[in-house]
Each structure stands twice: as structure tokens, then as C-alpha cells.
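*Asks:* whatever this is, show me its structure:
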Amino acid sequence: MARQFSNTAVETVLAASATAAATSISVSSASGFPIGFPYRLTLDYEQTGSEIVEVTAASGTTLTVLRGVDGTSPQSHAVGAPVAHTATAQDFRDSQDHIGASAGVHGLTGGVAVVGTTATQTLTNKTIDGSSNTISNVNAGSVTGNFKSITTVAANAASIALTIKGFTGQTADLSRWLDAAGATKGAVDKDGKASFASLSTTDGGIATAASAGSVFVGKSLDLTAATTTSTPLKIKSVAAATADVVQALNSAAAVVFKITPAGDVTAAGDVTVGSNLSVADTSNLTQAVVTQKASPVDPVLRLKAQSAVANTRPFLQITNHLGADLAKVDELGFWVGPGDATSLEKTLNIPHNASVFTKVAYVVGDAKFDVHDRQIAATPTRINILVAGYYLVIHQAMFDDRTTGSRASAVRLNADTFPLEVRMNAVAAGHITTPGSSRICKLAVNDFLEHYVYQNSLVTLSTTVYMQVAWLGS
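*Replies:* Here you go, the predicted structure:
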């Protein structure tokens, strides 16, 4: 710490004697003494046995001192010994040592200004060695001018060469690349999304610049989803797009596969499906040829239900150009030709009943038929026969899992008994109960059929019921 001096210090005397070991002295007056520390005093000034002490603190005229400094020795001093604030030999020796030093001071040659810490200075023609200096707390606003070239090298294999960290609530881009005119050619936004005016490569990379954007010419591109719920690749067309969203070309640049903005898919060759082929709604095929596999035991065409859950939609439907049904293979696997069948289906809760059947109250929306049916559901609860002949009558009820009681499904003719009834006892836990049967019957005009179900499992069961009548001829 630099020593302190005063030009107005008044010579004084000791107010009390001081032993050679004392660390504080008492003076008659401290008038004009330096107000900062440390400073020096000479005890027994200009007397035999004088001693230089260094004052490190003061309380009034009581001074805390270091004894015997600058080559003098601690001694005893009597009351009234003269005390003076003086320059000592070290004050002159320090400056001379500094002038004569060639190392360990500033390391500067003659004429070079010393860089201080309090005055504002402009530094030019300086080289700062990063391996020997540390620069900290440099704010962006204090850095001006253009960096000509910067190369960042990682300190080791586990360190990051360059880290850019956004501010709290960052809204601007984290980084941006501009051309000579200041136009943005690439950027990384606050969320880490990168965008580029064009991409190029010389080693079979991902893209090359084109007038309408970037045309991808990568030799190979593997995309892996970030999570189990994320999509590996999304391609979005612009509003009112007319060009294809996706095109696959052969070596002659001919389109062999494409997806239009409307989602239509066109393939020049065969389409092979290893598992499921799904569409959102309907699929329009101009012409389809199904060829049997090499093995003669395989069917030419197989239609398979989605799961063990009861199928409620037809396996196959044939319609006219207006979409009206002409024929179908229904959910039970029966072929239904033009005007051949009427079916009812419904899901409802069947209460526990010890002995009485519950009639199914089908509603109009439960009927599956068209205007050409020979049988018409004249009322919501029954199927009326309009043409006499032979009919295939089918019924089934699918009761929820229950291990107690019995179940039954029955069809009655003209509100009377009818020999088309099936009863089943409850099965093991984890299985539904599905009583049902079919029978060919000869029916007359104005006959009507109704569906009844029964269960006594002690609780209400959710049940899906079916009743179908198919005309076989007269």
C-alpha cells in the first residue's frame, strides 16, 4: 500500500514514555498528520537513538505503529521525546529502484505509456495474448467496429467451441448471417430454429441453391423422430398450391410416384403393403387388379375384421355412381344383393330380469336398408314383410362380460312365439356372451318380426343387438 505524506504536519513530542515493545504511542498533538494510512514518524527526531515507526491506525493522539522500520531498531523513548513526520531513506530508494528496474515492474521500454485503471484511455497498436490475459464483463454495447475474422477453437474434446446464450424472454434471433448488402441469408431464431436462403454442399450433402428455393439432392437422408409422439418429416405446401407436394423420379427424371396438394397418391408401379393400408375416408381406384399369390392355397382377396370387437360395418359395399348401395357383404359375412335384406342394430342397456324378455326398441336410425328393399322397417321396433317368400332370419346379442346368470336372444313372429331363440349360461370372466342363431323361414305378406333379449346376471348389462332378414326368393 502506498505511504501517505503531509506538508502541514507539526512537530510534536511523546505524551507518555514508550517501551521498545509497545505497539502504540501517545503524542501531544497530531495536527497536520496524514489522514490516510500508512505514514511514518521519527521518534527522538534528530537525537541519538532515533527510531522510525509506521503508523497504521489512529484514535485521536493515540497511534498504532509498526516499530523499527527502514533499518532502525525498536528502542525505549522518554516522555517529551521529539516526534516528527519525516521522509525516510526508503521513500527515495523506492523511486530509484523503480527507475533502475529492467524487469518485474511494467516490462515496458522507454516512451511507452503505462496503462492505468482510473483514467479513460484509447489503446492502439496493442496485442493481447489470450493465453496470458483474461478479459471479462465485455458488454455488447462496448464492442464496436467490424470483426474481420474470428476462429474459435475448443479447449479440448469435451468443450464447446462457441456458445450463444439468449437473454431472458429473448424475442430476437440468437444469430444471423448477412451478405455484403445486409440481407439476411441465414438465421437461428430464439427457439433454435434455423432458416437459410439456400443450402449447398460439395460432398453429396443435402441441398443446392435454386431460383425457387432449395432443391434437395442428398444421396441419402435418414430422419429419426425426436420423441414417440413427434413426426419425423412434415411437408407443407403453400396456399392454393398447384404443384405436387412430393415427387419421386427415376434415373430418367420421370415421375414414378407423387402426392398432390389434395393428398391424391399416384404410383407408376406396384404398391406393396407389408401390414395395413389406411385412408382417412375413402379410396378411389380407377381400376384394380388383384392377383393371387404364388401359393394356390391363398385366397385371391381376403377381407379381415379390424379386431375381436364386433364389426358393425359391412365388409364390402358396391355402389352406383351416385354412391347408392347396390350390393354388399354385411358385418356378419352375408351377401346382400339389390333389395335383398334389411337389418337392424343397436347398443343399449338390458336390465336384470328374472323371467321376462325385453323387447328391443330399435329406432329409425338403427335400420340398414335402401329404397329398393323388399322388406321395409315400417315401425322402429319391427321388420315388416311385404313380399311372401323364403327369408333368412338372423339375430344375435353381445352381452358385456359377466360371470353369473344366463343370457338369451330371440325373434318373435307377429308378437307371438317363434322358434328362433337361443339361451346361454354365463362364461368365464374376461369373455362376452353372444347368443344368436339363423334360420330359413317361409313368411307371408304383412308378417312382422321383433327382437327380444333376456339376462338375469343381477346387474344391468350393456348389449349390442342385431336382427336381419334377407329375402331368398319365392
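*Asks:* can you give me the strands in the stretch 1-150 of the chain?
*Replies:* Secondary structure of the stretch 1-150 of the chain by DSSP state E, counting those that start in this stretch: the strands cover 12-13, 24-26, 39-43, 51-59, 62-66, 82-84.
*Asks:* try the stretch 301-450 of the chain
*Replies:* Counting by DSSP E, counting those that start in this stretch, the stretch 301-450 of the chain has strands at residues 316-319, 325-329, 335-336, 341-350, 358-359, 367-368, 375-379, 382-385, 389-399, 406-413, 421-425, 436-443, 448-455.
*Asks:* what's the closest of the ones you listed to residue 32?
*Replies:* strand 341-350 (108.9 Å; C-beta to C-beta). Where you see a C-beta, it was placed from the backbone N, CA and C, and this is true even at glycine.
*Asks:* list the buried residues in the closest one.
*Replies:* Residues 341-346, 350 are the ones in strand 341-350 that count as buried (16 or more other C-beta atoms under 10 Å).
*Asks:* ok, now stretch 246-266?
*Replies:* Across stretch 246-266, burial judged by 16+ other C-beta under 10 Å covers 257-259.
*Asks:* which one of those residues is nearest to residue 41?
*Replies:* For these, the residue nearest residue 41 by C-beta to C-beta is residue 259; the value is 97.0 Å.
*Asks:* surely that closest one touches residue 245?
*Replies:* Yes: assessed by C-beta atoms under 8 Å, residue 259 is found in contact with residue 245 at 4.9 Å.
*Asks:* domains of this structure?
*Replies:* Structural domains of the chain, as assigned by automatic domain parsing, span the residue ranges 12-95, 341-473.
*Asks:* distance from the chain centre to the first one, please.
*Replies:* Distance of domain 12-95 from its chain centroid, counting by C-alpha atoms, centre = their mean, to the nearest Å, is 74 Å.
*Asks:* state the mean pLDDT of it.
*Replies:* For domain 12-95, mean pLDDT is 95.
*Asks:* and it, end to end?
*Replies:* 29 Å (C-alpha to C-alpha, to the nearest Å).
*Asks:* ok, now stretch 127-147?
*Replies:* Termini of stretch 127-147 sit 15 Å apart (C-alpha to C-alpha).
*Asks:* try stretch 145-163
*Replies:* Length of stretch 145-163, first residue to last, C-alpha to C-alpha: 21 Å.
*Asks:* got a pLDDT number for residue 346?
*Replies:* The model's pLDDT for residue 346 equals 87.
*Asks:* ok, it touching residue 396?
*Replies:* No: Residue 346 lies out of contact with residue 396 (C-beta under 8 Å); the separation is 11.9 Å.
*Asks:* what's the overlap in contacts for the two?
*Replies:* Both residue 346 and residue 396 are in contact with residue 465, where contact means C-beta atoms under 8 Å, 6 or more residues apart in numbering.
*Asks:* residue 409 pairs with what?
*Replies:* The partner list for residue 409 in beta bridges (DSSP bridges) reads residue 422, residue 453.
*Asks:* figure out which of the domains of the chain is closest to residue 271.
*Replies:* Smallest distance to residue 271 across the domains of the chain (C-beta to C-beta): 31.8 Å, for domain 341-473.
*Asks:* quick one, what contacts the closest residue to residue 345 other than its chain neighbours?
*Replies:* Closest residue to residue 345 apart from its sequence neighbours, by C-beta to C-beta, 6 or more residues apart in numbering: residue 466 at 5.0 Å. Counting by C-beta under 8 Å, 6+ apart, residue 466 touches 331-332, 343-345, 394-397, 436.
*Asks:* ok, which stretches of the chain are helices?
*Replies:* 89-100 (DSSP state H).
*Asks:* alpha carbons only: can I get the longest strand out of those in it in CSV?
*Replies:* In the chain, assigned by DSSP state E, the strand with the most residues is strand 461-473. Extracted in CSV, the C-alpha atoms of strand 461-473 (Å, rounded to 0.1, in the frame of the first residue of the first chain):
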residue,chain,number,x,y,z
LEU,A,461,-75.5,-55.2,-18.9
SER,A,462,-74.6,-53.1,-22.0
THR,A,463,-75.6,-55.1,-25.0
THR,A,464,-75.2,-54.8,-28.8
VAL,A,465,-78.1,-56.5,-30.7
TYR,A,466,-78.6,-57.4,-34.3
MET,A,467,-81.6,-58.6,-36.3
GLN,A,468,-81.5,-59.2,-40.1
VAL,A,469,-84.0,-60.5,-42.6
ALA,A,470,-82.8,-61.5,-46.1
TRP,A,471,-85.2,-62.4,-48.9
LEU,A,472,-84.1,-65.6,-50.7
GLY,A,473,-86.9,-65.9,-53.2
